[in-house]
Each structure stands twice: as structure tokens, then as C-alpha cells.
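*Asks:* Dropping a prediction and its sequence here:
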Protein chains: 2
Amino acid sequence: MTGRRGRPDEAGLIARFFRPLATAPGAALLLDDAATIPPAFGKDLVVTVDAIVAGVHFFPDDPPDAIARKALRVNLSDLAAKGAQPAGYLVTLALPDDWETDWLEGFVEGLAIDQEEFGLSLLGGDTVRTPGPLMVSITAFGHAPEGQAPRRTGAAPGQRLYVSGTIGDAALGLKLRLDERLAALWDLRRAEKETLLDRYLLPEPRLALAGVVATYATASMDVSDGLVGDLGKLAAASKVGAVIDAGRVPLSAAAFRATRVDPAAFATALTGGDDYEILVAIEPEDAEAFESEAAAAGVRVTDIGVLIEGEGVGVERHGRPVMLGDESFSHF
Amino acid sequence: MTGRRGRPDEAGLIARFFRPLATAPGAALLLDDAATIPPAFGKDLVVTVDAIVAGVHFFPDDPPDAIARKALRVNLSDLAAKGAQPAGYLVTLALPDDWETDWLEGFVEGLAIDQEEFGLSLLGGDTVRTPGPLMVSITAFGHAPEGQAPRRTGAAPGQRLYVSGTIGDAALGLKLRLDERLAALWDLRRAEKETLLDRYLLPEPRLALAGVVATYATASMDVSDGLVGDLGKLAAASKVGAVIDAGRVPLSAAAFRATRVDPAAFATALTGGDDYEILVAIEPEDAEAFESEAAAAGVRVTDIGVLIEGEGVGVERHGRPVMLGDESFSHF
């Protein structure tokens, strides 16, 4: 069961590192070719896949547990946006030849923590070696009420736009990660700097909001490539336009401080990526119920604007357009 | 919608190349964060993922349509082994920066051909760039009768062992690919050489056998890492031993010719990888029905041995042990 330099081969690696994560019966202890997911009456299965590559989507020297959790959480964020409760996931791990046991232990520990937190089981996966960088691709499964998973396509003029949490922290955190001097420029306190860096390292999937989203959202998506750009995608899919009130976009204390002194930071906040917040369209008559049920679920939601006839996304402050430069950040 | 050197960005790439493959309603034309699979009454969803890496699992200069089809088919083979009919799949494609439009067109064409042949739809995916080699990870979904997907664990002493198709062609094809001179050593005709090379390039998932497998197999897996090694996994999972009659292992005319003159070729055939045939355990009283229904499904199956008390895998010829060197071929 051991390969080069005393490290386990694939079967040994699965047994040692991944089997403890396979808690669902359908995972068959990872001893099989495939997993099974039993039928859930009245539920659609929602499936999503996202991959992250070292040096492209995360820093190779990020802690391995954070890499694992980010890989899982970006998928859980998609489930939340579709109103789905997570059921399980598959991991494809492409490991460079120089992988270390300690690293993999940290990686698996990260998955274990998040499985526990979000209530899901590893169902299977594939481990391959690569002469290239580390890559993690995760397929996540969830259940949503049949026919009720909100798409990007249901938004209509007159509906309100809401986002969860705060916007821009992760994008500002990435900038800080790349240039520490920005902390001084932005006049950040130590804890504020840490907040921004953490938001980039570890997204917070809004699964607590999934049920509320399934009930009320006419259209929904997660904000992963920047609020303005992603709203543009939702608006285009729904064949409507959108107007955001810049003054209502929810900012953390750290982001607020940065944007107050640096206009470029405001553009970064609204167009940068990695928020992993939920963006939804809500009928005006449902707004109060949506807000109150979101609050009951423990997630802050903020009305940031409105959908209109037409196309494109406008960002306004006191009724005047705000220019943000490039609209969208793309990982590709 | 275009990035560097006039090539499409991710959204443009999805629209141009992948959207035509997304024929299922749940794929939402790949315009959403996630896909949905509606509940199927009385069916388990069977899920599997396999990744292939350029230079590890295929040759970088293989035709792009063959790479795509292999990536899909290795997963369909897992579904067949679990008695499942395919429903859809997700693709994660890690593209090196120097990808070419022609290459991607060929890749997508390969997927289109196999979707048509095997009756499934692209449901979603993720495209990322990588500084490393091309990698394709596919997650495939299928439906099997609820609770009836055969595992590796149900085999018992006295049951018969069957394999579909012929064994060893792909492993011999890989040897030929690496050393063309073997064609002369093995005294192969031109068509035989092509047969072996093709079997390595393009596996044949035995989906026609899925229903019969779900009905009759007490244990089942696909043979991807070599017959002897994979049988060892099935036997270990079922806590039994197994004996193969070497003379009954089904060989193609090409493999038969090679093994007749080269004993090492016989070891390669029984222990090499990439067969993607189905290995099942069948109750003796079901053997006749299994054989006749497999024949009706158009798939040849061959009784190659028996499960016994104990552990491990023996290979015998005329009742005497045959030595094969390394038991199993592992991609890892």
C-alpha cells in the first residue's frame, strides 16, 4: 500500500485520508466505483462543479485546510443560491509529485471541519498525479424543492435586488494580500486588515439562506466574479436592466474605511470577485417577508436596487451614474 | 467576449463550444450556477467522477475528440458496472494557456458524438486555465433501480465470475503505442495492430449490459486497472477469494496472437489497465439467464472462474498456478 518514498499509493491514500470523510451509506466507504444518492420525494437534485488551481485561484502557500474549505465552499455557495441544502460532494484532487503527508492531512482536516459545519458527506472522488500545479475540483449535490430552485432567468422590472452579507471584502483582501502597503493607505486597523484577508481566504457560503431563497427569489445567483458583472449576467439572463444605489451596497467596517480614502477601492469592492454572497430578485410585495425570514435565519440582506425595463447595469449615487472602470472580474 | 489573442473568454467559450451540448432542461443552457436533475421515482442516482491528465492518462497528441470521449467513457463504464443508465454529466476542463480553437472544437465534437451514442446531456461544468497540462475531470450521473446498484461487496463463495468483451487489448495497445516494434514480435496483422491501438485510445463502456448487471450481479465493478488486480479488490471487498482459469479469459484475435508468442504479453493482458470491461459475480443458478440476457443485449460475457472461501486471487491453467509478476497496474 505504499509507493515512492514510503508514501501511500492511491488505494492507501484513500483509505488513510479520505475514508473517514465518507459518512453517507451511499459513499460505500469509497470502496466502490460510484456512489448512490437515494431519491428524495419532491426534491430536485441540484448539482454544481467548481475547480480551483494553485497560482490561479489560490496561493500555493495558503494553508491546506483553507484551500480545501475554499474548494468546497465555492460550490456550497452555488447550492445556497439555488435554494438547495447540501447532501454530498465528490473531490477530484490532482496532486503534484512532491505532495507531502502533512499537507494532505491539513487538506482533509479542512474538509472534515466543513462537512461537520454544513452537514454533508464525501461521496467519492478521484486522485490523480499531475506534473502541473495542485488542482481541486469539487462536485457538490444538494436538494431543493422540486421545480423551485431559482434560476437567473426569473427577474422582472419592478422587482427589488438584494444581496446577503457585505460586498467587496474578499476583493480588497486579495489586493492587500498582493500589496501589504495598502493597509496603511486604507488606514486599516489590524483587525480590519485580518477581516479582509480572511474573507478572501475563506468564503462564507450562505446556506442558512437557502430555504428563504427557494421560497421568495424570482431569480438568484451567487456573487463570485464581482457584484456589478454578476448582476449583469442575471439581468441579461432575465432580459431586464438593473440599477444599483451605490450608497446602499453593504460594506464591512473595513471596506467602508478603505473606500472612504481610496475611490479605486470602491470600484474594487463592487467589481472584484470572491464575495460568495447571494444576489436575488424579490417581488416588492414579498420584500418584508423576505427580510424578516432572512433575519430569522441569521443572515443580513440588503436592498441595493431595482430591476428595470431595458438592459445593462447602472450604478448610481444620489441619482447620478458612478463610473467603475472594468465591470467584471473573471478568473478565466 | 474575447480575451487574449482574440480567443473567447470563459462565457464566450461556454456559449460557443459547450452550450450546444446542454440539451437537458435542467442544464439551463449552462447559463446558471448549477444544474437540476428531477427526481426519478424508484431510482437511485449513481454518481461517479474520473479525471484524466495529459501525459499521465493519455498522450498529449491524441486526437482531441478521442481525449474527450475517453474522459466521458471511463465514467460511463463505472455507471454500467453499477447497473445505471446515464442521465447527464459535468465537465471540468483545465486548459493550458496555449489552447487552440481547433483543438477545442475537436474535443467538443467528441463529446457530441458520445452524448448521441449513449443518450445523455451535458449538465454543466467549469473551465479554468492552468499553467500545467491539460486535465479533464468528468462527473457522470445515472439512474439505477433503487437499492439494486450492485456493489463490490456482494460476492460469495460458489458464485461464478464473468467478464464482458475481451481482456488485455488496451494494455497491449499501450505497449504497442510505446514501442511499435512489438507489432513484429507479436506477429500482428495490420488490422490487429489497429484493434489494439484503438482499444487503448477509445474504451467501449458496456452500457448495454447495465440492466442485466442490475438484475443479476451480486457484485460488480469495471475493470480499469487490470483484471487480476481489480478482481483482487472485488474479492477483498466481499471477503472472499477468487480463482481465474487462464485458458478461459476472453482474448481478441490480436491479443491471442500476441500472447501465443510472448508470455509477457499474457501477463500484460491479465494485469494491464484500461480494459473498461465489466466484472461480475453471478449465482450459479442465474448463470444461464445472465448469459442469455447479455447475449440479447449484444454483449459477449464469459465465465472465467469462481469465488471461493479465503482471500486473494489465483490464476490457474489446467489446475496449476500461473505466475504473472505484478498483479495490478495503477494509474496513480
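*Replies:* Good, I have the coordinates. Numbers count the residues shown, from 1 in each chain, chains lettered A, B, ... in the order given.

*Asks:* could you pull out the helices for the stretch 151-300 of chain A?
*Replies:* For the stretch 151-300 of chain A, the helices defined by DSSP state H, counting those that start in this stretch occupy A:169-178, A:182-185, A:190-201, A:210-216, A:227-238, A:253-261, A:263-271, A:287-296.

*Asks:* And chain B, is the fourth one touching that?
*Replies:* No. Helix A:210-216 lies apart from chain B when judged by Cβ under 8 Å from any Cβ of the partner chain; the minimum separation is 11.7 Å. Every residue, glycine included, has its C-beta placed from N, CA and C.

*Asks:* and that helix, average pLDDT?
*Replies:* Computed over helix A:210-216, the mean pLDDT rounds to 97.

*Asks:* elements contacting it?
*Replies:* helix A:64-81, strand A:135-145, strand A:277-282, helix A:287-296 (3 or more Cβ pairs under 8 Å, 6 or more residues apart in numbering or on different chains; DSSP states H and E).

*Asks:* With the last one instead?
*Replies:* Packing contacts for helix A:287-296, counted by 3+ Cβ pairs under 8 Å, 6+ apart, involve strand A:160-164, helix A:210-216, strand A:301-308.

*Asks:* so of those, which one's packed in deepest?
*Replies:* With neighbours taken as mean count of other Cβ atoms under 10 Å in any protein chain shown, these reach their highest mean count in strand A:160-164, at a mean of 25.

*Asks:* rewinding a little: for B:R248, which of the helices and strands packed on helix A:210-216 is the nearest?
*Replies:* strand A:135-145 (39.0 Å; Cβ to Cβ).

*Asks:* what about the closest one, near chain B?
*Replies:* Yes. Using Cβ under 8 Å from any Cβ, strand A:135-145 reaches chain B at A:135, A:137, A:139, A:141, A:144.

*Asks:* for stretch A:192-209, same thing?
*Replies:* No. Using Cβ under 8 Å from any Cβ, we find that stretch A:192-209 stays clear of chain B, coming within 11.9 Å at best.

*Asks:* Flag every buried residue along that stretch.
*Replies:* A:192-193, A:195-197, A:199-209 (16 or more other Cβ atoms under 10 Å in any protein chain shown).

*Asks:* ok so, going back, name the member of the residues of strand A:135-145 next to chain B with the most neighbours.
*Replies:* A:S137 (31 neighbours; other Cβ atoms under 10 Å in any protein chain shown).

*Asks:* Now it: closest residue in space that isn't a chain neighbour?
*Replies:* A:A51 (3.8 Å; Cβ to Cβ, 6 or more residues apart in numbering or on different chains).

*Asks:* I'd like the distance between A:E146 and chain B.
*Replies:* 6 Å (Cβ to the nearest Cβ, to the nearest Å).

*Asks:* What is the burial count for the residue of the stretch 1-150 of chain A found nearest chain B?
*Replies:* Using Cβ to the nearest Cβ, the single residue of the stretch 1-150 of chain A nearest to chain B is A:G132, 1.3 Å away. For A:G132, the number of neighbouring residues by other Cβ under 10 Å comes to 23.

*Asks:* what about it, which SS state?
*Replies:* Secondary structure, DSSP: H, G, I helix; E, B strand; the rest coil: A:G132 is coil.

*Asks:* If I look at it, what pLDDT would I see?
*Replies:* In this model, A:G132 is scored at 92, pLDDT.
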